[in-house]
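> How does the following fold in three dimensions:
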Amino acid sequence: MRKNAFKAALSASAPQLGLWLSLCSAASAEISAGSGADWLLIDMEHSPNEIASVADQLRAAENRTSVLVRPPVSDQVVTKRLLDIGVQSIMFPMIDTAEQAAAVVAWTRYPPHGSRGYSGVMRGNDYGRDTGYRDEVQTQTCVIVQAETPLALRNIEAIAAVPGVDAIFIGPGDLAAAMGHAGAPWAAPVRGAITDGLQRITAAGCHAGVLAYGAAAAAEARAQGAGFIAVGADTWLLARETTALVASCRKASTV
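A predicted model of the protein is given here:
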């Protein structure tokens, strides 16, 4: 079975820098995989990705970098289907309690260690050719849970202590909204909560991650204790760079 390079690298001293993919495009995944990013995340929660489009992006990118997937909702059936197509690292959204964290871990394990449904022929085990898959998959699967509410932050230590939880990722957008600052994750109370959360995750012996677009925000997140950081997104980069390009060309043409 292919080793999970992202899971292994979580313990590295250098931060693991990643890019968010929301364009539902194998071409975008392939281009982003060549960027030098340590990991890519295919987002299903806030983009119209489906299982088949995720599989296409895996094929385009997974031989060049690590690929994570965030499902549209923390759901057992979706989890099973993602694992079956070969996803090794799953980021579960909106995990508020240790009980919820334990449930998502169980969905990634075969009985008797969990409740994942079994299929002998699927992409994850090379269509039945990988005879060691069943015994190795638990070790190679990385479970990341998202802390996106004040309740989740209050429960950080309990969530971090759940066996099988490899990392906790703070989602600034939903956290800001839950704190009464929708659309303003830079608000001082939100930034303070993120800093406190990252430090407490690390102190609890768990790996901490956060979304922080751009060099300045990424550096700040690293200083706060984040070990893996989403530093940009295909949609964000395309919107930002095309707007800047057109504006600069329009300005130059009027000089």
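> Rounded mean pLDDT for stretch 119-139, please.
For stretch 119-139, the mean per-residue pLDDT is 96.
> same thing with stretch 54-65?
For stretch 54-65, the mean confidence score works out to 98.
> And stretch 22-32, by the same measure?
The pLDDT scores in stretch 22-32 average 98.
> List the buried residues for that stretch?
22-26, 28-29, 32 (16 or more other CB atoms under 10 Å). C-betas here are computed from N, CA, C, even on glycine.
> What of stretch 64-78?
Within stretch 64-78, judged by 16+ other CB under 10 Å, the buried ones are 64-71, 74, 76, 78.
> now for those, which pair is the farthest apart?
Across these, the longest distance by CB to CB is 30.4 Å; it joins R64 and Q76.
> Mind jotting down where the strands sit in this structure?
With strands called from DSSP state E, the chain shows them at 16-21, 39-43, 66-70, 89-92, 142-147, 167-170, 207-211, 228-233.
> what's in contact with the third one?
Around strand 66-70, the neighbours that count as contacts under CB atoms under 8 Å, 6 or more residues apart in numbering are 4-6, 9, 18, 29, 38-45, 54, 57-58, 61, 82, 87-93, 142, 144, 146.
> separation between the closest residue to P48 other than its chain neighbours and N4?
Once flanking residues are discounted, P48 sits nearest to C24: 5.8 Å by CB to CB, 6 or more residues apart in numbering. C24 is 24 Å from N4, where distance means CB to CB, to the nearest Å.
> so where is this protein shaky, pLDDT-wise?
Within the chain, the stretches with pLDDT under 70 are 255.
> and the longest helix for it?
Assignment by DSSP state H gives helix 234-253 as the longest helix of the chain.
> any idea how far stretch 138-147 is from the chain center?
9 Å (CA atoms, centre = their mean, to the nearest Å).
> Between its first and last residues, how far does that stretch reach?
Stretch 138-147 has an end-to-end distance of 23 Å (criterion: CA to CA, to the nearest Å).
> and if you look at stretch 226-242?
This stretch, stretch 226-242, spans 30 Å end to end (CA to CA).
> T97 is in contact with L151, isn't it?
Yes - between T97 and L151 there is a contact under CB atoms under 8 Å: 7.5 Å.
> Settle it for me: which of these two has more neighbours?
T97 (15 against 11; other CB atoms under 10 Å).
> got the contact list for that one?
Going by CB under 8 Å, 6+ apart, T97 touches 151-152, 155, 158-159.
> Give me the buried entries from these.
Among the contacts of T97, the ones that count as buried by 16+ other CB under 10 Å are 152, 155, 159.
> Return the closest of the residues you listed with respect to A221.
Distance to A221, by CB to CB, is smallest for A152 among the buried ones among the contacts of T97, at 17.7 Å.
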